[in-house]
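J.: build the 3D model from these lines:
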Amino acid sequence: MRCVACDAAETPERPEHTAQGYRRFRCRACGKQFNERSGRILNRAQYPSDVIALVVFWCLR
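T.: Coordinates of the predicted model:
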């Protein structure tokens, strides 16, 4: 995964996960820590992405 701050490609995965179970990363170039939702539209959402997608699907259906 590319860094959300400096766009570096060297971002190893951390052993711990977020409270919602998302993988965490740390950029070796700038040192910023981020998860797989950082920098996306659902970054601060309270619910997991798959639940949000299912609700949107049901509403559009």
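J.: how close does the spatially closest residue to Ala9 that is not a sequence neighbour get to Ala29?
T.: Distances taken as Cβ to Cβ, 6 or more residues apart in numbering place Arg2 nearest to Ala9, at 5.8 Å, with adjacent residues excluded. No exception for glycine: its C-beta is placed from N, CA and C like everyone else's. As judged by Cβ to Cβ, to the nearest Å, Arg2 and Ala29 stand 11 Å apart.
J.: over to Trp58?
T.: 41 Å.
J.: looking at these two, which one has more neighbours?
T.: Neighbour count, other Cβ atoms under 10 Å: between Trp58 and Ala29, Ala29 has more, with 13 against 8.
J.: confidence score at that one?
T.: Note on Ala29: pLDDT of 89.
J.: and the one 5 residues further on, by the same measure?
T.: According to the per-residue confidence, Phe34 scores 90 in pLDDT.
J.: neighbours of it, just the number please.
T.: 21.
J.: hang on, it is in a helix, isn't it?
T.: No - counting by DSSP: H, G, I helix; E, B strand; the rest coil, Phe34 is not found in a helix; it is strand.
J.: who's in contact with Arg14?
T.: Contact analysis of Arg14 by Cβ atoms under 8 Å, 6 or more residues apart in numbering lists 23-26, 33.
J.: most neighbours, which of those residues?
T.: The contacts of Arg14, ranked by neighbours (other Cβ under 10 Å): first place Phe25, 20 neighbours.
J.: quick check: bridge partners of that residue?
T.: Beta-bridge partners recorded for Phe25 (DSSP bridges): Glu13, Phe34.
J.: strands of the chain, start to end?
T.: 13-17, 23-26, 33-35 (DSSP state E).
J.: what lies in contact with the shortest one?
T.: Outside of strand 33-35, the residues within contact range by Cβ under 8 Å, 6+ apart are 3-5, 14, 18, 22-27.
J.: tabulate these (a markdown table), appending distance to Gly39.
T.: Below are the contacts of strand 33-35 laid out as a markdown table (distance: Cβ to Cβ, whole Å):
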| residue | distance to Gly39 |
| --- | --- |
| Cys3 | 9 |
| Val4 | 4 |
| Ala5 | 9 |
| Arg14 | 17 |
| Thr18 | 14 |
| Tyr22 | 13 |
| Arg23 | 14 |
| Arg24 | 14 |
| Phe25 | 11 |
| Arg26 | 15 |
| Cys27 | 12 |
